[in-house]
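Enquirer: can you look at this prediction? I've put the sequence above it.
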Amino acid sequence: MALKRPAIKNIPYEEFKDNETFEKLVEELNQNGVNIAVRSLDWLFDWGRSHSLWPLTFATSCCGIEFMAVCAARHDIARFGFEVTRNSPRHADVILVSGTIVKKMAPVLKRLYDQMADPKYVIAIGACSVSGGPFRKSYHVVQGVDEIIPVDVYVPGCPPRPESFLYGMMQLQRKVKVEQFFGTTNRKERDPFKQEYKERSEKILESQEEA
Amino acid sequence: MNLTYQTIAPGALRDECLRLREGGMDFLVFLTGLDLGDEGFGVVYQLENTQTKEQVNLRCVTPNREQPVLPTVSDIWDIANIYEREAYDFLGIIFAGHPDMRRIYLREDWVGHPLRKDDNPEAQNPLRMDNEPLSDTTWQYELSEDGTLTKRENVVFEPEDYVVNIGPQHPSTHGVLHFRVAIEGETIKHVDPVLGYIHRGIEKMNESMTYPQMLALTDRMDYLGAMQNRHALCKVIEEAMGVEVSDRVKVIRTIMDELQRIDSHILFFSCLAQDLGATTAFIYGFRDREKILDIFEETCGGRLILNYNTIGGVMHDLHPNFVQRVKDFIPVMRKGLKEYHDLFTGNVIARNRMEGVGILSKEQVIAMGCTGGTGRASGWHNDLRKLRPYDAYDRVEFDEITFETGDSFCRYMVRMNEIEQSLRIIEQLIDNIPDGPFQEKMKPIIKVPEGVYYSAVEGSRGQFGVYLESRGDKSPYRVHYRSTGLPLVYAMNTACRGNLIADLVTIGGTFDYIVPDIDR
């Protein structure tokens, strides 16, 4: 049984940008075949999870104000089931890193991420958290949040428009919908997405020890 | 304007400062450190007499690069406490007699002082992922007669103090700000702000950028005063170069500044309401704010970060719909303002949480340099639009809103009433925007003549000033931004002491600071 194309109500499949990366991800997940019974259960769980992703209210700068605009009346994030913004990382499913992450904030962000319960997702909002953005040359800015935590979706812009926030959230929904929940996502150790991140954090620790 | 300053020897600084303080110079506008290369390190002070509006600029230079020591003025002007810590953090200038010589923005284990011209911060400081050390004690340095430096330990928190950490990730600190609060029962004993969780090193970056490049970063400091920040930087460069902008530009800038002020005050209202548990008010505030953002978007192209002012004018001419849109907006905003008062101002819970809480006296706000609405709520007439009118502010009528009590409710009402005054200013200007060029022709490479300049505008939450020292190159030698929020965070300790821990949220909310503006 192959994975079905995930249907997102608001946007047809063809209108999503970067379907290649997504299809590659699906292919990888399909590599060893899929169990019919488990996959059907997965599908049910993923459907439920993708429509109730609870974001953590985490904002360091400008993008946070746009996130507030997304939550307010005109853009109304509640249409997608994301409106339950949580103040504690232990209740949240997704962390929207909105704003610049500086070297002093990096261990705090890492700790927040570690405090979140699995399965957890990260969206890098805005140029600063994607790559350092306008502050790339600064001595105190982390060059992209993916240096410290694994990122699922990147939303560029400075700051991104509210529509981009929603588009980024829908991309994440697609990703959640194709996940194999049982045996992978609900077990941290075997999580295929996060291997790369482990290597990276080891590298950071090494460079720190050398210094 | 080009600053004329007196240079004072380090030995005579304290006597001179005490003399000026006695003479009525009660407001320290800004204090910043400089790296003067072979001449050593310098510190610049700007003082103002709040009665006569007279200003004095001082500069004190120490030639010792190995161990720069200058006398402190923190006992003369309260706000110098935090400014001197900033100078110590950035340049390593030790202020003898300062009770609290800790770093303020960078981690305690940071190596070097980044604003020194010979410092290499990236090489010395890799990304550290271990938890930041936060000590409960601090150092006070004393300089003895024979020039030796002795240090002794001062205590910030006693071992038996019960210290609660609020932030850096906390929804009601309005950004990544960290308060260490010592409490006794529920009463606050001491608040120690820990800053720098969004310190992006803008001042250092500016030293290697050309003037037009610098403009991009000002918008991102105080993003709710993006127009005004950029206005201040353009203004100081224009004044330095002797560029006179057209009348049209002046009026456009004034209207845009006022729209931005309304935008900021609505957001202040929404966030304060939400911090106090009134989510409906938040939704109402954002409904009206979106209308301003639409107006901005049509002309500037951006919603939040506007990139509109440039050196010698503005980026684009006004959109043809602009005048009509603004005219339509004014009655909508007036109606909205009435709704805000019905919803929130009269609410008994909001009243009880705000009235009589976090009182600051007029002397305190002047000593701590709290400009803007926070100062005006305590009866300090500090509105730069009235004191030193710039652009089109001399041709419009409006009131400077002041209150006497200085509690949270006054600070809230100042901002609500200022929305009405901003609407009045826009109303007077919108019908007669003069014709003319929207941009002066500038040279492709902008070089500011050698000199020292300072210029300030009335930002959404106080005096936003830019100190610019140029050596005639295409990039500045030193830029310092007078943050509107740094004095406000410093005032948190005074305002919160003796209040309940729950009131810290209200007091912080009504101070209305923006953290990226504090940290820069």
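Expert: Structure's in. What do you need?

Enquirer: which pLDDT value belongs to the spatially most central residue of chain A?
Expert: By C-alpha atoms, centre = their mean, chain A has its centre lying nearest to A:Val122, at 2.8 Å. On pLDDT, A:Val122 comes in at 90.

Enquirer: with A:Val38 instead?
Expert: At A:Val38, pLDDT is 75.

Enquirer: element containing it?
Expert: helix A:36-50 (DSSP states H and E).

Enquirer: in that helix, what's buried?
Expert: Across helix A:36-50, burial judged by 16 or more other C-beta atoms under 10 Å in any protein chain shown covers A:39, A:42-43, A:45-46, A:49-50. For the C-beta atoms, the positions are set from N, CA and C on the backbone; glycine is no exception.

Enquirer: ok, now stretch B:288-306?
Expert: In stretch B:288-306, counting by 16+ other C-beta under 10 Å, buried: B:288-293, B:295-297, B:299-300, B:302-306.

Enquirer: among those, which are in helices?
Expert: When DSSP state H defines the helices, the subset of these inside them is B:288-293, B:295-297, B:299-300.

Enquirer: closest to B:Arg334 out of those residues?
Expert: B:Asp288 (10.4 Å; C-beta to C-beta).

Enquirer: my guess is that closest one contacts B:Pro331. True?
Expert: No. Assessed by C-beta atoms under 8 Å, B:Asp288 is found out of contact with B:Pro331, at 11.6 Å.

Enquirer: who's in contact with B:Val191?
Expert: B:179-182, B:492-493, B:496-497, B:504 (C-beta atoms under 8 Å, 6 or more residues apart in numbering or on different chains).

Enquirer: helix/strand/coil for it?
Expert: strand (DSSP: H, G, I helix; E, B strand; the rest coil).

Enquirer: what's the answer for B:Gly277, then?
Expert: coil.

Enquirer: name the element the closest residue in space to it that isn't next to it in sequence belongs to?
Expert: Setting aside the residues directly before and after it, B:Gly277 is nearest to B:Ile349 in space (C-beta to C-beta, 6 or more residues apart in numbering or on different chains), at 7.7 Å. According to DSSP H and E, B:Ile349 maps onto helix B:348-354.

Enquirer: quick one: buried residues of that helix?
Expert: Buried-residue list, helix B:348-354, by 16+ other C-beta under 10 Å: B:350, B:353-354.

Enquirer: any idea how far it is from the chain center?
Expert: 28 Å (C-alpha atoms, centre = their mean, to the nearest Å).

Enquirer: residues in contact with that helix?
Expert: With C-beta under 8 Å, 6+ apart, helix B:348-354 has contacts from B:273, B:276-278, B:344, B:407-409, B:412, B:503, B:506, B:510.

Enquirer: which residues touch the residue of chain A found nearest chain B?
Expert: Residue of chain A nearest chain B, by C-beta to the nearest C-beta: A:Ala72 (3.4 Å). By C-beta under 8 Å, 6+ apart, the contact set of A:Ala72 is B:282-283, B:286-287, B:290.

Enquirer: repeat that with 10 Å
Expert: If a contact means C-beta atoms under 10 Å, 6 or more residues apart in numbering or on different chains, then A:Ala72 has A:162, B:270, B:282-287, B:289-290 as its contacts.

Enquirer: if I look at it, what pLDDT would I see?
Expert: pLDDT, A:Ala72: 84.

Enquirer: try B:Tyr88
Expert: 90.

Enquirer: which secondary structure element contains it?
Expert: Per DSSP H and E: helix B:80-91 holds B:Tyr88.

Enquirer: hey, C-alpha coordinates of that helix in PDB?
Expert: The C-alpha trace of helix B:80-91 is given here as PDB (Å, rounded to 0.1, in the frame of the first residue of the first chain):
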ATOM      1  CA  ALA B  80      23.800  56.400  34.600                       C
ATOM      2  CA  ASN B  81      23.700  53.100  36.600                       C
ATOM      3  CA  ILE B  82      22.500  51.100  33.600                       C
ATOM      4  CA  TYR B  83      24.300  53.300  30.900                       C
ATOM      5  CA  GLU B  84      27.600  52.800  32.600                       C
ATOM      6  CA  ARG B  85      27.000  49.000  32.700                       C
ATOM      7  CA  GLU B  86      26.400  49.200  29.000                       C
ATOM      8  CA  ALA B  87      29.700  51.100  28.400                       C
ATOM      9  CA  TYR B  88      31.500  48.500  30.500                       C
ATOM     10  CA  ASP B  89      30.000  45.600  28.600                       C
ATOM     11  CA  PHE B  90      30.700  47.100  25.100                       C
ATOM     12  CA  LEU B  91      34.100  48.700  25.700                       C
END
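
Enquirer: got a list of contacts for the helix or strand containing B:Glu363?
Expert: Using DSSP H and E, B:Glu363 sits within helix B:362-367. With C-beta under 10 Å, 6+ apart as the test, helix B:362-367 has contacts from B:26-28, B:48, B:50, B:76-80, B:360-361, B:370-372, B:374-382, B:402, B:404, B:406, B:487-488, B:491, B:494-495.

Enquirer: follow-up on the earlier one: and the buried residues of stretch B:288-306, which is closest to B:Asp161?
Expert: Distances from B:Asp161 to the buried residues of stretch B:288-306, taken by C-beta to C-beta, are shortest for B:Leu304, at 40.1 Å.

Enquirer: was I right to think the closest one contacts A:Cys62?
Expert: Yes. The pair B:Leu304 / A:Cys62 is scored as a contact, 5.8 Å apart, by C-beta atoms under 10 Å.

Enquirer: what touches both of those two?
Expert: When contacts are counted by C-beta under 10 Å, 6+ apart, B:Leu304 and A:Cys62 are jointly contacted by A:158-159, B:219-220, B:223-224, B:226.

Enquirer: tell me which two in those are the farthest apart.
Expert: The widest separation within those (C-beta to C-beta) is 15.9 Å, between A:Cys158 and B:Leu224.

Enquirer: more crowded one of the two?
Expert: B:Leu224 (24 against 19; other C-beta atoms under 10 Å in any protein chain shown).

Enquirer: against chain A, how distant is that one?
Expert: 7 Å (C-beta to the nearest C-beta, to the nearest Å).

Enquirer: now do the contacts for that residue.
Expert: By C-beta under 10 Å, 6+ apart, B:Leu224 lies in contact with A:62, A:65, B:260-261, B:263-268, B:304, B:459-461, B:512, B:514, B:517.

Enquirer: in a strand, that's where it is, yeah?
Expert: No. B:Leu224 sits outside any strand when classified using three-state DSSP, being helix.

Enquirer: find the nearest non-adjacent residue to it, please.
Expert: In space, B:Leu224 is closest to B:Ser264, 4.0 Å off (C-beta to C-beta, 6+ apart).

Enquirer: what about that neighbour, neighbour count?
Expert: Look at B:Ser264: counted by other C-beta under 10 Å, it has 28 neighbours.

Enquirer: packing partners of the helix or strand just after the helix holding B:Glu363?
Expert: Next helix or strand after helix B:362-367 toward the C-terminus (DSSP H and E): helix B:372-377. Contacts defined by 3 or more C-beta pairs under 10 Å, 6 or more residues apart in numbering or on different chains; DSSP states H and E place helix B:372-377 against helix B:362-367, helix B:408-430, strand B:462-470, helix B:486-496, helix B:503-511.

Enquirer: with only the CA atoms kept, save the very next helix or strand once past the last one in PDB.
Expert: Where DSSP H and E defines the elements, the next helix or strand beyond helix B:503-511 is helix B:515-519. Only the C-alpha atoms of helix B:515-519 are listed here, as PDB (Å, rounded to 0.1, in the frame of the first residue of the first chain):
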ATOM      1  CA  VAL B 515      12.800  44.500  24.000                       C
ATOM      2  CA  PRO B 516      14.700  44.500  20.600                       C
ATOM      3  CA  ASP B 517      14.900  48.300  21.100                       C
ATOM      4  CA  ILE B 518      16.400  47.900  24.600                       C
ATOM      5  CA  ASP B 519      19.000  45.300  23.500                       C
END
